[in-house]
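>>> please work out how this folds:
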Amino acid sequence: MSGGTRPSPIRRLQRYRPRRRPRYNGPSFNRIVPNLMTLIGLCAGLTAIRFAMEGRFGSAAVAITVAGAIDGLDGRLARLLKATSRFGAEFDSLSDFLCFGVAPALTLYLWSLQRAGAYGYMPCLMFAVCMALRLARFNAALEGAPRPAYAYNFFTGVPAPAGAGLALFPLFLGLEARSLEWDWLVRTAQHPLFCAAVLVGTALLLVSTLPIWSFKNFKVPSEYVLPLLLGTGLFAALLVADPWGALAALGLLYIAMLPFSIRSFHRLQREAEAPEEEDAELPEQGSAPGVTPPPAAT
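Just a heads-up that it's a prediction; the model follows:
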């Protein structure tokens, strides 16, 4: 026998007992993922500003487009993971202002509008201010009175990512014309008056009260599912083969969609208000419950 003492049975059990994992206070990783995506989108917007200052306008446009794609995913991901929060909403708005309010205006200013001197800065300033007002109105509506059910399928005014895409339409058009060697179209797209008109028009659409489809709860009829999938695949192929032409065409398609969106909103509004008007007219047309109306005089 060895001279050492044998451990007691209790000590032997404690030696093989599994260790407890330490617990930390804080949110789960799933609740942080949407904020991480928003942060990546913010970095893309800042990178777009850097590319524009270096004269790499095509790269700047790509960075803003990437920020728009991320902005379309982080909100849906937050709702899917049940990770929506007030902090996330505010952080998303600050990121949207830089990515879609500052970066496109600065890119167009360095690409075209700086040739107009101080007057070329005015449309950029107006666009950024209108973007801030549009985002502030959106945040205020979150805590406002509940809207009708049909109104949740529509934005009030053009949303921020779409506004950035419309503002960059002259850049998309100019880059496409440069690849086709159409010098006359390059000069037209890069003219300060054309860029200023696009910026001002987009700024007015941002702060307008036009109902715009949000596509959040948009239902597609079963007979249109296959054509939609084929069209999406065709556009993806066009985006890879000719990105600037595809993005410019997408801007024109979005503008053409606005009248149909307004018509759809007013149709749903009339259908929702029609039953209320009929209910209001019922007591006037009939008599009191349980009382038979007198026969008409002959």
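
>>> do you know the pLDDT at the residue lying closest to Val186 once chain neighbours are set aside?
With Cβ to Cβ, 6 or more residues apart in numbering as the measure, Ala177 is the residue that lies nearest to Val186, at 4.6 Å, once sequence neighbours are left out. Every residue, glycine included, has its C-beta placed from N, CA and C. As predicted, Ala177 sits at a pLDDT of 93.

>>> mind listing what the closest residue to Ile212 other than its chain neighbours touches?
Closest residue to Ile212 apart from its sequence neighbours, by Cβ to Cβ, 6+ apart: Phe155 at 4.4 Å. For Phe155, the contact set (Cβ atoms under 8 Å, 6 or more residues apart in numbering) comprises 211-214.

>>> weed out the non-buried ones from these.
211-213 (16 or more other Cβ atoms under 10 Å).

>>> now the residue nearest to Val186: phi and psi?
The phi and psi torsions at Ala177 (degrees, to the nearest 10) take the values phi -70, psi -30.

>>> show me where this structure has strands.
Residue ranges of the strands in the chain, as given by DSSP state E, are 154-156, 211-213.

>>> can you pull out the low-pLDDT segments for the stretch 101-250 of the chain?
Within the stretch 101-250 of the chain, the set of residues satisfying pLDDT under 70 comprises 144-145, 217.

>>> now with 90, please.
Across the stretch 101-250 of the chain, residues meeting the criterion (pLDDT under 90) sit at 116-118, 137-157, 180-181, 209, 211-228, 231-232, 235-236, 238-240.

>>> okay if I get the buried ones among the contacts of Phe155 as TSV plus distance to Leu42?
TSV is the format used below for those (distance: Cβ to Cβ, whole Å):
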residue	distance to Leu42
Pro211	29
Ile212	24
Trp213	26
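
>>> so which of these comes closest to Ile262?
Pro211 (6.0 Å; Cβ to Cβ).

>>> which strand residues bridge the closest one?
Each beta-bridge partner of Pro211 is listed here: Thr156, as defined by DSSP bridges.

>>> show me the contacts for it.
For Pro211, the contacting residues are 151, 154-156, 261-262, 264-265, by Cβ under 8 Å, 6+ apart.

>>> if you set the cut-off to 7 Å instead, what comes out?
When the contact criterion is Cβ atoms under 7 Å, 6 or more residues apart in numbering, the partners of Pro211 are 154, 156, 261-262, 265.

>>> between those, which is nearest Leu125?
Thr156 (22.9 Å).

>>> the closest one and Leu206 touch, don't they?
No: between Thr156 and Leu206 no contact is recorded; they are 10.2 Å apart, counting by Cβ atoms under 7 Å.
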